[in-house]
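J.: got a predicted structure here, sequence first:
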Amino acid sequence: MKPVTICPKCAGSLEQVVCAGIEVDRCRYCKGIWFDSLEVETLKAVKGSESLDIGNLKISSNVDKITEHVDCPRCHRHMIRMVDIDQHCIWYEKCPACYGVWLDAGEFKNFKDNFNGQGIVGQAKKIFRRKR
């Protein structure tokens, strides 16, 4: 597959980064991450994969405000802005054609925290388990 080279948010250059044999593309400037189809879901379960997300949510907040006409860096289709069902403060972009996902800096760590039981759903599960 041809590498993705241009950040869909800040037009910075992307570098390829490998974790657990999965190659993702991270912006050298804003530190956002491009995940091809299903890579984000796979990497959520990989111990230590949060090290891919070297960005800072405070710094990336300006980039996160870019919401209009964000094109997929893989197939150049207009991406859809999505909200994480468990953490409504996380908005991300998803391509309706190739199903890739763009996460701004800091968002993958938050997704992973939610998956590992640190988010709202994880906390609710802990509460209900105690009552049994």
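T.: Received it, and whenever you're ready, just let me know what you need. Residues are numbered from 1 along each chain as shown.
J.: now do the helices in this structure.
T.: Assigned by DSSP state H, the helices in the chain fall at 39-44, 57-64, 107-115, 120-131.
J.: lowest average pLDDT across those helices?
T.: When the helices of the chain are compared by mean pLDDT, helix 120-131 comes last with a mean of 56.
J.: pick out the residue nearest the middle of the protein.
T.: Leu103 (2.9 Å; Cα atoms, centre = their mean).
J.: is that residue in a bridge, and if so with what?
T.: Ile33 (DSSP bridges).
J.: check contacts around it.
T.: Gly32, Ile33, Phe35, Val40, Asp53, Tyr92, Phe111 (Cβ atoms under 8 Å, 6 or more residues apart in numbering). In short, each C-beta sits where N, CA and C put it, glycine included.
J.: same thing but at 10 Å, please
T.: 24, 26, 31-35, 40, 52-53, 55, 60, 64, 84, 90-93, 109-111 (Cβ atoms under 10 Å, 6 or more residues apart in numbering).
J.: so where's this protein uncertain?
T.: 1-3, 57-67, 87-88, 114-132 (pLDDT under 70).
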